[in-house]
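Peer 1: below: sequence and its predicted model.
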Amino acid sequence: MIQFLMNGRIQTVNLPADTTVLQYLRRDAGRCGTKEGCASGDCGACTVVLAEPEGDALSYRTVNACLTFMPALQGKQLITVEDLKHRGELHHVQQAMVDNHASQCGFCTPGFVMSLFTLEKQQQPFSVAHIRHALSGNLCRCTGYRPIMDAAKAICEAPQPDQFDGDAQQTLEKLKTISATGQPVTIDELAERYLTEPDSRLVAGGTDLALEVTQRYQSIPKLISLSHIPKLKAITLTGQAIHIGAAATLSACLPVLRDEFPEFGELLERFASQQIRNQGTLGGNIANASPIGDGGPVLLALGATLLLRRGAEQRELPLDQFFLGYRKTALQPGEFIEQILIPRNASPARQLRIYKVSKRLEDDISAVCAALHIEVQNGVVIHARVAFGGMAEVAKRASCCEAQLLGQPWQTATVERACQALEMDFTPISDFRASREYRMQVAKNLLRRCHIEMTSPETLMRVTHYV
């Protein structure tokens, strides 16, 4: 049984756990304004908004309805495009789309409207970059984005109160009456339940897991939701490490990681779309053990450790011992990731370089992702952790490459030997994203780029630095 708020009323539904919000809206609730486009979180046509308590106020975030399982709605307010019209009048966000001729065929427009609605609720000052960021997960198939940007500018420059602001206190009171019935709310409860039901699938954001339902048409009969465990969403900093709960969203991780490792922040801004980042988690990205998951190589380069939990037992495991093979990990039955521990940068001289190579800049899957954590003292490499995604069946450190760098002068000849060593570290495959030869050449070139950037910082090496 799932309870959530929609259209001002508490809804109680009893559906299979692997039912997506999009399926519920179109099939069961008769709300067809939310469209199905790609069914994979790429197009944004299915964008809806979830509101939930954050202190004494409501926090609004966009998600892809096609990738969100119904248990994620428990205790939240679901807002769709049908909810915006008030007393027979269009919401001012919708009106701005009309006034600026920003609505094209209408298929993608509801998703844009919901993203702009959330953008206004975040009360950010007008910025082209910020608007582009907010709309990065919405693709229009008909025409250009200029009128949509004009509508966004009008909304940001002249925000207006609406019915949701007027009903905020009442909404908060209603949400407080909903409990997380049937779902674990503490780590201890999760550990006990997962130990007795190890055949269940854990779901945090579900942005990858849901593809088994939407793309492969499989059924997932038993799910355990992590959405209601506050400690699994916590992010804390100590003098030695950043502790990231396994269910902390990528959006929540981004500002913390950007402050500590600016390059990591830049990567996360290219990590899928805003809707995916609002839902997906860093813990899920690691637990999936995908060879092209962008979190893996970066965390390997940073020397991250995982805090694992099974029943009442905890253990720490270095990330480079976690990935065993394609989609295979060292997790035992009933064991799960509790935290990701990332060592804080001990030395100001230690530099992190991250390179994501994909067919488009944003919202795309890597052909190759490289992460290099390098420290040079007196012209000699004293620390080198180099990791790649897309080069093997798992995200993997380049140990032979590292051996050629450590203790050697940070110069072109050393880098060229390290490039050749990559051929001993990896035997990449060819697929529809890239050939094996391309991947190997790119990996070598990224190592060369790292050397140029560190030794000649005045040389602009990235398109984003001059376009």
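Peer 2: On my side now, so go ahead.
Peer 1: and the longest helix along the chain, what does it pack onto?
Peer 2: Secondary structure of the chain per DSSP state H: the longest helix is helix 436-455. Secondary-structure packing of helix 436-455 (3 or more CB pairs under 8 Å, 6 or more residues apart in numbering; DSSP states H and E): strand 350-357, strand 368-377, helix 412-425. Bear in mind the C-beta positions are built from the backbone N, C-alpha and C, glycine included.
Peer 1: name the stretch among these that sits most buried.
Peer 2: Mean neighbour count (mean count of other CB atoms under 10 Å) peaks for strand 368-377 among these, with a mean of 23.
Peer 1: the residue nearest the centre of the chain: what secondary structure?
Peer 2: Nearest residue to the geometric centre of the chain (CA atoms, centre = their mean): Arg277, 3.3 Å. The assignment at Arg277 comes out as helix when based on DSSP: H, G, I helix; E, B strand; the rest coil.
Peer 1: Leu306 - that's part of a strand, no?
Peer 2: Yes - assessed by three-state DSSP, Leu306 belongs to a strand.
Peer 1: okay if I get the helices and strands packed on helix 436-455 as TSV plus distance to Gln74?
Peer 2: Formatted as TSV, the helices and strands packed on helix 436-455 follow (distance: least, CB to CB, whole Å):
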stretch	distance to Gln74
strand 350-357	34
strand 368-377	34
helix 412-425	45
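Peer 1: could you export those as JSON lines, including mean pLDDT and distance to Gln169?
Peer 2: Converted to JSON lines, the helices and strands packed on helix 436-455 look like this (pLDDT from 0 to 100; distance: least, CB to CB, whole Å):
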{"stretch": "strand 350-357", "mean pLDDT": "96", "distance to Gln169": "43"}
{"stretch": "strand 368-377", "mean pLDDT": "97", "distance to Gln169": "45"}
{"stretch": "helix 412-425", "mean pLDDT": "98", "distance to Gln169": "58"}
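Peer 1: go through the ones you listed and name the closest to Tyr194.
Peer 2: Ranking these by their distance to Tyr194 (criterion: CB to CB) puts strand 368-377 first, at 30.2 Å.
Peer 1: so where's the stretch 351-467 of the chain uncertain?
Peer 2: Counting by pLDDT under 70, the stretch 351-467 of the chain contains low-confidence ranges at 466-467.
Peer 1: what of the stretch 101-250 of the chain?
Peer 2: Under the criterion pLDDT under 70, the flagged ranges of the stretch 101-250 of the chain are 143, 180.
Peer 1: which parts of the longest helix of the chain are buried?
Peer 2: 439-440, 442-444, 446-447, 449-451, 453 (16 or more other CB atoms under 10 Å).
Peer 1: surely Arg350 meets Glu375?
Peer 2: Yes - in this structure Arg350 lies within contact range of Glu375 using CB atoms under 8 Å: 4.1 Å.
Peer 1: how does the chain divide into domains?
Peer 2: Per the record, the chain has its domains at 1-179, 355-467, by automatic domain parsing.
Peer 1: pipe the ones you listed into TSV and attach distance to Val185 per row.
Peer 2: Below are the domains of the chain laid out as TSV (distance: least, CB to CB, whole Å):
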stretch	distance to Val185
domain 1-179	9
domain 355-467	32
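Peer 1: closest one to Gly284 among these?
Peer 2: domain 1-179 (11.7 Å).
Peer 1: show me what contacts the closest residue to Asn285 other than its chain neighbours?
Peer 2: Spatially, and ignoring its direct neighbours in sequence, Asn285 is nearest to Gly295 (4.1 Å; CB to CB, 6 or more residues apart in numbering). Counting by CB atoms under 8 Å, 6 or more residues apart in numbering, Gly295 touches 282, 285-286.
Peer 1: what pLDDT is listed against Gly295?
Peer 2: On pLDDT, Gly295 comes in at 96.
Peer 1: how near is it to Gly166?
Peer 2: 40 Å (CB to CB, to the nearest Å).
Peer 1: over to His133?
Peer 2: On the measure of CB to CB, His133 and Gly166 end up 28 Å apart.
Peer 1: these two touch, right, Thr214 and Thr68?
Peer 2: No - shown here, Thr214 and Thr68 do not form a contact pair, counting by CB under 8 Å, at 10.7 Å.
Peer 1: quickly list what's touching both of these two.
Peer 2: Joint contacts of Thr214 and Thr68 (CB under 8 Å, 6+ apart) are Thr20.
Peer 1: between the two, which is the more surrounded one?
Peer 2: Thr68 (26 against 20; other CB atoms under 10 Å).
Peer 1: got a list of what the more buried one touches?
Peer 2: 20-22, 48, 206, 210, 279.
Peer 1: scan these and report the most crowded one.
Peer 2: Most surrounded of the contacts of Thr68: other CB under 10 Å gives Gly206, at 30 neighbours.
Peer 1: how about that one, secondary structure?
Peer 2: Classified using three-state DSSP, Gly206 is coil.
Peer 1: thinking it is in contact with Met70, fair?
Peer 2: No - look at Gly206 against Met70 with CB under 8 Å: they stay out of range, at 10.4 Å.
Peer 1: that older thread, now the contacts of Thr68 in JSON lines, with distance to Asp259 and secondary structure?
Peer 2: Conversion of those to JSON lines gives the following (distance: CB to CB, whole Å; DSSP: H, G, I helix; E, B strand; the rest coil):
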{"residue": "Thr20", "distance to Asp259": "34", "secondary structure": "strand"}
{"residue": "Val21", "distance to Asp259": "33", "secondary structure": "helix"}
{"residue": "Leu22", "distance to Asp259": "35", "secondary structure": "helix"}
{"residue": "Val48", "distance to Asp259": "30", "secondary structure": "strand"}
{"residue": "Gly206", "distance to Asp259": "28", "secondary structure": "coil"}
{"residue": "Ala210", "distance to Asp259": "31", "secondary structure": "coil"}
{"residue": "Gln279", "distance to Asp259": "22", "secondary structure": "helix"}
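Peer 1: can you add distance to Thr236 and give those residues back as CSV?
Peer 2: Formatted as CSV, those follow (distance: CB to CB, whole Å):
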residue, distance to Thr236
Thr20, 32
Val21, 31
Leu22, 35
Val48, 31
Gly206, 24
Ala210, 29
Gln279, 22
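Peer 1: which one of the residues you listed is nearest to Asp42?
Peer 2: Nearest to Asp42 among the contacts of Thr68, with distances taken as CB to CB, is Ala210, at 12.8 Å.
Peer 1: hang on, the earlier thing: centre of the chain to the next helix or strand after the longest helix of the chain, how far?
Peer 2: Note on helix 436-455: by DSSP states H and E, the next helix or strand toward the C-terminus is helix 463-466. The chain centre lies 23 Å from the centre of helix 463-466; the measure is CA atoms, centre = their mean, to the nearest Å.
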